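Enquirer: Got a predicted model here, sequence first, then my questions.
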Amino acid sequence: MDRLVSKVGKNRNLVLVLAISLLGFVGLLDIFVVDKVFAPIVYFYIAFGIVLLLYGVYPLYNNRRLTRYYLDRTKRNRLAIFGLAFILFLILLAVIGPFFTLDPTAVSFEEKNLPPLGFTIEQSVYDAEAGKLVTVSVPGTIRHLLGTDNKGRDMLAMLVSGARVSLQVGLLATLIALILGTIIGVISAYLGGWADNILMRFTDIMMTFPFFLLLVFIIFIFGPNLAIIVLVIGLTGWTGAARLIRSEALSLRSREFVLASKGLGASGSRLIFAHLIPNVISLVIVIATLSIPGVILAEAALSFIGLGDPTVPSWGTVLKAGQQTLDTAWWVAVEPGLMLFLTVLAFNFLGDGLRDAFDPKSGL
Amino acid sequence: MGKTWLRNYIIKRLIYAVIIALGIMTVTFILIRVGPSSPADKYLSNLAATGQDVSQVVAAIEARYGLDKPIYQQYFDYIINLIQGDWGWSFSTSMPVMELIKTHWIYSFQLIFLSTIFAAVLGILIGIYSAVKQYTKTDYIATFFSFIGISIPNFWLGVMLILVFSVKLGLFKTYYDTTLPLLSLANLKALVLPVITLGTGMLAGYTRYTRSAVLDNLRKEFVRTARAKGLPERTVIGKHVFRNALLPIITIIMFDLGSIVFGGAYLTEIVFGIPGLGQISFNAIFANDYPVVVAVTIIGTLIVLMINLVTDITYTYLDPRIRYD
Amino acid sequence: MDITLLKVTNLRTYFFTRRGVVKAVDGVSFELKRGECLCLVGESGCGKTVTALSLLRLIDSPPGRIVAGEVRYDRLDLITCTQEELRRVRGKEIAMIFQDSQSALNPVFTIGDQVIEQIKLHLGSEEREARRQAISLMTEVGMPDAERAMDYYPHHLSGGMKQRVMIAMSLSCDPKVLIADEPTTAVDVTIKAQIMDIFRILKEKRQMSLIFITHDLSVVAEIGDRAIVMYAGKPCETGTVTEILKHPRHPYTIGLINCLPDASVTTTRLTSIPGTPPDLIGLPPGCLFQPRCPQAMPICAGKEPQESVVSEGHTVRCHLY
């Protein structure tokens, strides 16, 4: 077993190419021969998972001592652990939840405006017998654990669906932003000179745009479509990461061990891959964890003001609906926001904990 | 202490800012052109919907926007127009965009200004206190609350405040009334919840930055020297530490202003119906009123640019270590 | 002439860290007379700086704490007195100069501001008077063009000049005791000579009592009257400088003296004391110097040596005596 793992590990690049080709082959089969079994996004996740395994998990596994060291330091932060636990719970919810919940788009007028289980609400209902509006006390039901909105859609189902959206957008958009940011940051730092200058001026320009205003502007032009939203968030949110990574890479460049390595004759690409990137990785992880909440909030905010994808029930759209019915169905506004809040909080806790764990000066 | 050096630096930064401004306008132009529909299409679809005669308007728009001209000419005209202050015509409100901006910017400014003061004063005070009393219960509570403050989605906070205070408790039911003066009691009351909404996130952030900046400086040697001189603790913190911590705090406050606050203000205006630039942009989006959306984006960005410029110069002026003599 | 200004009894300062308790200073006692210069000598990390900081209660309180001891000055015990009383002593009666003058000065205020601040605080002078005093002080310590220098910021000055500013600051309120923490370590040899001159003049002209912290025996020889040799937080030998340098008893002291290169003898190798100072967490029983001691005996590893008097005013903690 160990021999197999180390063999795979040493030939990572080859394995990656093989795996991607295999995946591509299966994908082509899927499109042309069999009926679409997997949504295109699933292929992406599989590919991403493979890359993560080969280039993320394997090095961690190899440097077990180092990994354990960082894990220990992170574990000391109880808030970070809570954050991680919540995120894992959310992922679980998003992946298997939809198999257990009701259909989030099922409209049912008889069951509209039901409160969550354990609450009751006064509603005005037309009583045909009495011939007028009477106030009735309506309790929550087990069937709709978290209540329903004003069209009778089940809240729990919508929240689970929203979790899916938020996590996917969070992951994908952050990935795009981070990749773009890392590339620009590292290239800028490594090339220096006029390339660095131009890239940084461009970064300056993009950074000056208030993030949300730019988002709204571009979505307005290109239309509110989930794929576009993910792409746009990714393509506008890379500036912070680029700056941070560039400065880290620059400081690494002139640090002694790089100079020593150069003195020993290491070539450019070896310097980049063997020295610069591993040291930047911990920074990248922290940036990633702390960027995801911003991305999730951005998508939610867009949905909230109505620029979200109308076909996808996201937390933001539910919140928007909830704002209209504050007096009759307060839970519709409270629940999605609460989920957003807890999710952002969890990522912030985790990100902060990771940052302290990686920072040698943090007194852990 | 060469004052000429400062002047040269300011000039350099101003030129740079102009370049960035041009870059900003260029980026918006590119985005508009790359978009799926031309600026005219959305106009026209609206016009057609209202039953107006389209052909004449089409001609007028083409003439105005020069859609028949080559792209570099369009770009040139675009930039010139922006610089001269001709920012287009708002279809949905039937007035020049510049006019719209001139009448509404003050409300955004009021909201942002009040929120910043609220957040900065409270944030810095709590941050200093938290840093000085590190590891005590107060510190942990303050840190915990600041985590909550930066995590809470500000549009949700707004809705929740409305739910609790307006719907359930019946307070603060007034809406912002533009017919009343800016500083009228009714309007200020209407601003209480919005300022809390926008300010909470900022407050939490400022508390964290201040705490971290003060902590960094508390560890430094000169603090020990100050104490050894026999200075009372409040002077050690209030003068020596604070003055050193002030620089990064101010920088981050101003940087935040550009990256986060404008987005937050946008949402807050929409939640509470405050007639600022965010609100008119929002209205314009759903009326397909192109020029307004473009204009608000550009002006928001230019303001950020100005703030960055001012921050940069102020920082350089305040930090003696950067000066060259 | 023979007034005891400062009496320190059994000072213990520990640092409570996550990894354990660091006994940085473990039982230091001495007396300081007027006009006398006491040197605290030892390797880095032996506790001399912490001792000095403890005198004025300048220890960072988590994680450090002065757990025992008494520092008698005038009628006060500086360890237990109130903040207000302590404040009045700091800077005015007992002043301190720190090792790293670069970071000891506040980078955002001019050096003029920093000197004047102290004058105004303790002497209640007006701005103009305080400024005049500051300028004269800086001239006294050898600052060239003191008037213009007042408006300089710390980063404009060289190491030697910054050191002079620190000295000027500490002298500004005419203290009776001056604690100097390795004032010559961070400067080069020529500056070192000038600074030692300043201290010598202070001692002679102003009758100032000095506590000099150093690892440099040549400095001790030049200016010290009495010395305490410290190792791992404990004092191992105390006595007059002449006595200690001529008749050192403790093996550590002997080792330190042997380390000094003797220009009159040609050798190929410099002597050093083998081994490294111990980690101050989890100290073993017995004499702490035992692992490196060339004259160690079996009893040294088991039992801590007590203080014994070797001759007039000369005490040692060693099982040899």
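Expert: Here it is on my side, so go on. None of the values given here were measured: they were computed from a predicted structure.

Enquirer: Name the residue of the stretch 251-364 of chain A that lies nearest to chain B.
Expert: Closest to chain B within the stretch 251-364 of chain A is residue A:337: 3.3 Å, counting by CB to the nearest CB. C-beta: built from backbone N, CA, C; applies to glycine.

Enquirer: Kindly apply the preceding question to the stretch 151-300 of chain A instead.
Expert: In the stretch 151-300 of chain A, the residue that lies nearest chain B is residue A:212 (2.8 Å; CB to the nearest CB).

Enquirer: Tell me the backbone dihedrals of that residue, please.
Expert: Main-chain dihedrals, residue A:212, degrees, to the nearest 10: phi -70, psi -40.

Enquirer: any chance you could read off phi and psi for the closest residue to it other than its chain neighbours?
Expert: Closest residue to residue A:212 apart from its sequence neighbours, by CB to CB, 6 or more residues apart in numbering or on different chains: residue B:263 at 2.8 Å. Main-chain dihedrals, residue B:263, degrees, to the nearest 10: phi -60, psi -40.

Enquirer: what about residue B:263, how many neighbours?
Expert: By the measure other CB atoms under 10 Å in any protein chain shown, the count of residues near residue B:263 is 23.

Enquirer: Give me the pLDDT value at residue 79.
Expert: You didn't pick a chain, so chain A it is. On pLDDT, residue A:79 comes in at 83.

Enquirer: nope, chain C please
Expert: Reported pLDDT at residue C:79 in the predicted model: 86.

Enquirer: one step back: my read: the residue of the stretch 151-300 of chain A closest to chain B touches residue B:268, true?
Expert: No: counting by CB atoms under 8 Å, residue A:212 does not reach residue B:268; the two are 11.5 Å apart.

Enquirer: secondary structure element for the residue of the stretch 251-364 of chain A closest to chain B?
Expert: In the assignment (DSSP states H and E), residue A:337 maps to helix A:331-358.

Enquirer: Okay, buried residues for that helix please.
Expert: For helix A:331-358, burial by neighbour count (16 or more other CB atoms under 10 Å in any protein chain shown) applies to A:331-358.

Enquirer: Strands of the stretch 1-150 of chain C, start to end?
Expert: C:4-17, C:20-33, C:37-41, C:64-73, C:76-77, C:94-97 (DSSP state E, counting those that start in this stretch).

Enquirer: Can you redo those as a markdown table, where the extra columns are distance to residue C:179 and mean neighbour count?
Expert: As requested, the strands of the stretch 1-150 of chain C are arranged in a markdown table below (distance: least, CB to CB, whole Å; neighbours: other CB atoms under 10 Å in any protein chain shown):
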| stretch | distance to residue C:179 | mean neighbour count |
| --- | --- | --- |
| strand C:4-17 | 10 | 18 |
| strand C:20-33 | 10 | 20 |
| strand C:37-41 | 9 | 26 |
| strand C:64-73 | 12 | 18 |
| strand C:76-77 | 16 | 15 |
| strand C:94-97 | 4 | 27 |
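
Enquirer: What are the buried residues along stretch C:239-256?
Expert: C:239-241, C:243-245, C:248-256.

Enquirer: Looking at those residues, which are in helices?
Expert: Members of the buried residues of stretch C:239-256 lying in helices (criterion: DSSP state H): C:241, C:243-245, C:251-256.

Enquirer: And the residue of the stretch 201-321 of chain C found nearest chain A, how far from residue B:219?
Expert: Ranking the residues of the stretch 201-321 of chain C by distance to chain A (CB to the nearest CB) places residue C:281 first, at 16.2 Å. Separation of residue C:281 from residue B:219 (CB to CB, to the nearest Å) stands at 21 Å.

Enquirer: Looking at those two now, which is surrounded by more residues?
Expert: Between residue C:281 and residue B:219, counting by other CB under 10 Å, residue C:281 is the more crowded of the two (12 against 9).

Enquirer: so what's that one closest to, chain neighbours aside?
Expert: For residue C:281, the spatially nearest residue (CB to CB, 6+ apart) is residue C:20, at 3.8 Å.

Enquirer: Would you agree that neighbour is in contact with residue C:282?
Expert: Yes: counting by CB under 8 Å, residue C:20 touches residue C:282, with 5.8 Å between them.

Enquirer: which residues in the stretch 151-300 of chain C form strands?
Expert: C:177-181, C:209-214, C:226-231, C:234-240.
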